[in-house]
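Engineer: sequence and computational prediction follow.
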Amino acid sequence: MTLRVLAVASECAPFAKTGGLADVVGALAKALRGHDTECRVLMPLYRPLAHLAEGSRCVLDGIDAFGGPVRVLARRAKGIELLLIEAPHLYDRPGQIYLDQTGADWADNHRRFGLLGMIGARIAREGIAGWRPDVVHAHDWQAGLVPVYLRQQGAPHPPCVITIHNIAFQGLFAASTMGDLGLDPSGFTQDGFEYFGRIGFLKGGLMRADRITTVSPTYARELMTPEFGMGLEGVLSARRAVLTGILNGIDTEIWDPAADPALAQTFSARTLARRRANRLALLDRFGLADEPTAPLLSIVSRLTEQKGLDLALQCLPAALARGARLVVLGSGSPDLERGFSDLAARHPGRVGVRIGFDEDLAHLVQAGADAIVIPSRFEPCGLTQLCAMRYGSVPIVSRTGGLADTVIDANEAALAAGCATGLQFAPVTAARLGDALDRAMALYRDRRTWERIMRNGMKHPVGWDRSAARVVAIYRDLAGDGS
């Protein structure tokens, strides 16, 4: 039986993206097709997506919610079946998805993503244009009210899964917004959507969903501890019986070094020598001098302390003094942006920094750098290390969350067995990161060993095939279909 799934999310690549959530929603929607599952993605029609309304068909109309008219449009684009919530009073505005032009949260984000949950619940209950889902899959806090509205309305409805992509973002709003959101005050309790006197979108979703998933097995275990649970460790410990960690994957059609138009030269694990053209192109883009005997390191990231990049600033000068080169692509904390810019000024010809994000340049960085530095203090899964391995860039990662689950450390046993794909370090301190960089510098001098690590990474499964099968098994269990 073909399973019908409604995915509810605030972003979906390649249409709207601020981070890995979008990549996962888009890639999983496509991967599910190979598992006899039909997935439709419900998301807002933001201003930059207005062109998607052309050629769409209206499948739900006549709604007035949160101060204006609402319609739902359906169309297929980029291989994904989309359901787009057209609500100009909430989504047709400048700025970023979540932030206004000053960089502050939109003051009405509770309405903007409350509507996402409300429409998701309505489609789940009633169906749309002759299509009704067997299972609903809510992603992160922005869709956290889907299971809350479903339970509140009481009518028969399909089961709901919620995925935690990053528990640091929980969707917390004043209790006074309860009336705006049409929430039943009886749910404003410790066992409902109340969180320390505020409405918690994610908290409500975790309490009301039938199953909870997160994006790696290690992160699932970490979330039940005070160090990583961000105040929700008690909720997740109480619901551990329905909590599952399933590794994210990447879209291996988009991330394919053998056919990537963003590269100076395509290549594969069998034609690794061709990769050098990308290294030279990358050095040229950043105005750096080549040093063939030392690695070209990279950072592609949000520049935040969560990502451990303050530690990188402490450790990288020692690697640069030994000949390493460094390229940085990202934006975030003004202090870290300034720190990396100052590092480049102190090391002309050795460090290049681009503040901002450029998707094509990110692909070239992965294809041209020798290694990528990911010293995250916590990392639910991480996609950057998966892209790096796919493109032959050796990840240097902290041993946490999905980084611990996806990178095989180049210790003596793994090197002897020929299975190493990168380097891990723990605990997350400057000293241990410095040790990992020293190990990487030493391994790089042994070209045969380094190339074996590169090829191992390129052959490592980083797509969605296995993980999508695990997700579908949860769907089918909930839907009562054991086939």
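Structural biologist: Done, it's in.

Engineer: how much space between the nearest residue to Ala273 once chain neighbours are set aside and Glu291?
Structural biologist: Of all residues not flanking Ala273 in the chain, Phe267 sits nearest, at 8.0 Å (CB to CB, 6 or more residues apart in numbering). For every residue, glycine as well, the C-beta is placed using N, CA and C. Distance, Phe267 to Glu291, by CB to CB, to the nearest Å: 21 Å.

Engineer: of these two, who's got more company?
Structural biologist: Under the neighbour definition other CB atoms under 10 Å, Phe267 and Glu291 were set side by side, and Phe267 has more, 21 against 15.

Engineer: let me see the contact set for the more buried one.
Structural biologist: Applying CB atoms under 8 Å, 6 or more residues apart in numbering, we find Phe267 in contact with Pro257, Ala258, Ala273, Arg274, Arg275, Asn278, Ala367, Gly392.

Engineer: surely the last one is in a strand?
Structural biologist: In other words, Gly392. No - counting by DSSP: H, G, I helix; E, B strand; the rest coil, Gly392 is not found in a strand; it is coil.

Engineer: quick check: chain neighbours aside, which residue is closest to it?
Structural biologist: Closest to Gly392 by CB to CB, 6+ apart is Met454, at 4.5 Å.

Engineer: show me what secondary structure element comes after the helix or strand that that neighbour is a member of.
Structural biologist: Using DSSP states H and E, Met454 falls within helix 447-459. Sequence-wise, the next helix or strand downstream of helix 447-459 (DSSP H and E) is helix 465-479.

Engineer: buried sites along that next one?
Structural biologist: Ser467, Ala468, Val471, Val472, Ile474, Tyr475, Arg476, Leu478, Ala479 (16 or more other CB atoms under 10 Å).

Engineer: packing partners of it?
Structural biologist: strand 3-8, helix 20-31, strand 135-139, strand 160-164, strand 211-214 (3 or more CB pairs under 8 Å, 6 or more residues apart in numbering; DSSP states H and E).

Engineer: highest mean neighbour count out of the ones you listed?
Structural biologist: Mean neighbour counts were compared across these using mean count of other CB atoms under 10 Å; the top stretch is strand 135-139, at a mean of 29.

Engineer: residue contacts, the closest residue to Val394 other than its chain neighbours?
Structural biologist: Spatially, and ignoring its direct neighbours in sequence, Val394 is nearest to Ala371 (4.4 Å; CB to CB, 6+ apart). Contact analysis of Ala371 by CB under 8 Å, 6+ apart lists Pro295, Leu296, Leu297, Ser298, Ser393, Val394, Pro395, Ile396, Ala440, Tyr444.

Engineer: out of these, which one sits closest to Gly382?
Structural biologist: Pro395 (8.8 Å; CB to CB).

Engineer: tabulate the CA atom coordinates of the helix or strand hosting the closest one in PDB.
Structural biologist: Assigned by DSSP H and E, Pro395 belongs to strand 394-398. C-alpha atoms of strand 394-398 as PDB (Å, rounded to 0.1, in the frame of the first residue of the first chain):
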ATOM      1  CA  VAL A 394      38.400  15.100   5.700                       C
ATOM      2  CA  PRO A 395      36.200  16.200   8.600                       C
ATOM      3  CA  ILE A 396      37.900  17.100  11.900                       C
ATOM      4  CA  VAL A 397      35.000  17.000  14.400                       C
ATOM      5  CA  SER A 398      34.100  17.000  18.100                       C
END
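
Engineer: and it, which strands flank it?
Structural biologist: The pairing partners recorded for strand 394-398 under DSSP bridges are strand 371-374 (parallel), strand 423-425 (parallel).
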